[in-house]
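A.B. asks: Fold the stuff below for me.
(chains A and B)
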Amino acid sequence: MTTAIETHNLTKRFAGRTAVDNVDLVVPGGVAFGFLGPNGAGKTTLIRTLLGLTEPSSGEVHLLGLPQPTKRAEALAKVGAIVEEPRFHPHLTGWENLKVAAAARTREADGRIDGAIARVGLSNRAGDRVKTYSLGMRQRLGIARALLSDPALLILDEPMNGLDPAGILEMRHLIRSFVDEGRTVFLSSHLLDEVEKTADHVAIVDQGRIVVQGPVAEIAAGSEPTLLLEVDDASVARRALSTITDVRSVADDGAALRVVFTGGFNAAAVNRVLVGAGVAVSRLEPARVSLEERFLDITSRLGDNR
Amino acid sequence: MRLISAEILKLRRRRGLMIWTGLMTVGSVVIAYSVLLALHLAAPHNHGPAGGLNNLQHMMWLLANLGGVAAILLGTTAGAQDVSAGVFRDLVVTGRSRKTLFRVRFPGALAVYLPMLATGFVLAVAGAYAFAGSSVAPTLHDVVHYGIAIGSLAVVTLALGVGLGTIIPPRIATGVLVGWGAILAPLLIGISNLGGARKGIDVAAAMHFAPDLGKGGTIAMSAGTAVIVLAIWTVIALRVGEFWTRRVDA
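C.D. replies: So this is what the prediction gives:
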């Protein structure tokens, strides 16, 4: 599958401020790609630049392998997007709003309206005016509008914003179902936990720059390997652990010993050493680093260097 | 064509706007004839027949002014509604050019407005003949001239509404255009020192086709000049709106 989004040295400057700074982004096709960053990091500006809503100051953009803005119409015909909060004509019904959006697409889009509404579970409210919709319903209607082009690429800006837990779960399932159909979903968010649960690949952006990008598992595993231990005698355990050459540090966080290794570790071998030293081990568990911890780790290190 | 249909849908579903437009075009004529008829039936010696050329002129004045306000309301709404609803960016990301997205607004507004204006006009003309009684009935020449004047003024006003509504908030655009049509333009037409420059005023050009509707007097000009002036106003209003639409971030 071709690369869904590719940018080279993409930069967007506003008066005296660089919102997107030399971004090289590669979004593989057929995945859910999370674009993570704190508020004001430049996520929405990058999305607006990708979609031609604002012109880049410099750099290149390719959508679905097509150079932008040269092949803009051709690329956007296969892209569905929600930029910022999904907005609609409040005096029109949900169905009529999609009718208006479909008019800007090919004629086939008209035939997709009912299916798109059903897909997001709004069939029973499609005849109501949008001004009576909750935020969650508008988010879903926004997804339905994005589906009118039968998109190969969906670009969703903060799709979980304002949703309750059930709505977030529903949105996650919806996004995964799009990926299962072979579509690429590019979603920006500041909700790290949600992105970790939804996305296959991520890019972390801060102050307009991509700090790191790649598969979620690789990025989360990027920090030092750590074991959490619960033992009956911490001082004996410390002495025993000091005989293992790969152990870099041992810290007692109150509940457990936190053992950091310089390279990888062999949990069974560690257990053998402890038991051999007469230590009773009641817990031995690789510390799971969440994307959130990794994100905070990366952005705080960046903060130190600012 | 589908985009124009979408524009029509967006405007037609605005209940308040449609009620006001209907009232100011069709409703104003119906109400005016009802009052004239009632007065005539109640006191025929004091109040002449409700129809005739003289009353047709009054109806045309109503259509030119109230109908003009309706055209402004409709035009500014058509020019502004996508952006003010925040939907414009969602239309831009379909890949449609901004030029196309702007260019459908005027025909969409025209398709909504003209049938209402035409209904009001037809009722006014029909009433002028039907209720003429002993008074002088309008000639075909009168009807054609009124039709051209009202129609051309509607087209220009609608174009100004769409153009200006694209650039500034619709309420401000409405105020500016009502102020222009009701106060500033008649004032300028009345300043004789401006001489031939007054031919360039849209209201003056439209009133060339129906001089008796002119406020602040009429300016002598050929039909060709009037048509060119009206066309220039229309084109400039739409070009400015288009330029703005292409230039701003969505």
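
A.B. asks: where along chain A do the strands fall?
C.D. replies: Under the criterion DSSP state E, strands of chain A are mapped to A:5-14, A:17-27, A:32-36, A:58-63, A:66-68, A:79-82, A:153-157, A:184-189, A:201-206, A:209-215, A:226-231, A:247-252, A:257-261, A:281-286.

A.B. asks: Show me which residues of the longest one are buried.
C.D. replies: Neighbour counts over strand A:17-27 (16 or more other C-beta atoms under 10 Å in any protein chain shown) mark A:Thr18, A:Ala19, A:Val20, A:Asp21, A:Val23, A:Leu25, A:Val26, A:Val27 as buried. Using the backbone N, CA and C atoms, a C-beta is placed for each residue, glycine as well.

A.B. asks: Please apply the same query to stretch A:35-45.
C.D. replies: Residues of stretch A:35-45 classed as buried: A:Phe35, A:Leu36, A:Gly37, A:Ala41, A:Gly42, A:Lys43, A:Thr44, A:Thr45 (neighbour count, 16+ other C-beta under 10 Å).

A.B. asks: Can you show me the CA trace of it as PDB?
C.D. replies: Extracted C-alpha coordinates of stretch A:35-45, given in PDB (Å, rounded to 0.1, in the frame of the first residue of the first chain):
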ATOM      1  CA  PHE A  35      -0.700  12.500  15.900                       C
ATOM      2  CA  LEU A  36       0.000  13.300  19.500                       C
ATOM      3  CA  GLY A  37       0.800  16.600  21.100                       C
ATOM      4  CA  PRO A  38      -0.200  19.000  23.800                       C
ATOM      5  CA  ASN A  39      -2.600  21.800  23.000                       C
ATOM      6  CA  GLY A  40      -1.000  24.400  20.900                       C
ATOM      7  CA  ALA A  41       1.700  22.000  19.600                       C
ATOM      8  CA  GLY A  42       0.700  22.700  16.000                       C
ATOM      9  CA  LYS A  43      -1.500  19.600  15.300                       C
ATOM     10  CA  THR A  44      -4.500  21.400  13.800                       C
ATOM     11  CA  THR A  45      -2.200  23.800  11.800                       C
END
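
A.B. asks: which residues touch that stretch?
C.D. replies: Here stretch A:35-45 makes contact (C-beta atoms under 8 Å, 6 or more residues apart in numbering or on different chains) with A:12, A:19-21, A:46-47, A:54, A:83-84, A:157-158, A:186-190, A:192, A:195, A:202-208, A:291, A:295, A:299.

A.B. asks: Need the buried ones from those selected in PyMOL.
C.D. replies: To isolate the buried ones among the contacts of stretch A:35-45 in PyMOL, judged by 16+ other C-beta under 10 Å, type:
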select buried, chain A and resi 12+19+20+21+46+47+54+83+157+158+186+187+188+189+190+192+195+202+203+204+205+206+207+208+291+295+299
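
A.B. asks: what about the residue of chain B most remote from its centre, is that helix, strand or coil?
C.D. replies: Distance to the chain centre peaks in chain B at B:His45, reaching 35.6 Å (criterion: C-alpha atoms, centre = their mean). Applying DSSP: H, G, I helix; E, B strand; the rest coil to B:His45 yields a three-state assignment of coil.

A.B. asks: how far away is it from chain A?
C.D. replies: According to C-beta to the nearest C-beta, to the nearest Å, B:His45 stands 51 Å off from chain A.

A.B. asks: What of B:Thr119?
C.D. replies: Distance from B:Thr119 to chain A, counting by C-beta to the nearest C-beta: 23 Å.

A.B. asks: Likewise for B:Ala78?
C.D. replies: Distance from B:Ala78 to chain A, counting by C-beta to the nearest C-beta: 12 Å.

A.B. asks: Please name the residues that touch the nearest residue to that residue once chain neighbours are set aside.
C.D. replies: Spatial nearest neighbour of B:Ala78, excluding adjacent residues (C-beta to C-beta, 6 or more residues apart in numbering or on different chains): B:Ala109 at 3.9 Å. Shown here is B:Ala109, whose contacts under the criterion C-beta under 8 Å, 6+ apart are B:Glu7, B:Leu11, B:Leu74, B:Gly75, B:Thr77, B:Ala78, B:Leu158, B:Gly161, B:Val162.

A.B. asks: Which ones among those residues lie within strands?
C.D. replies: Among those, no residue falls in strands (DSSP E).

A.B. asks: wait, which of the residues you listed is closest to B:His208?
C.D. replies: The shortest gap between B:His208 and any of these belongs to B:Leu158, at 19.0 Å (C-beta to C-beta).
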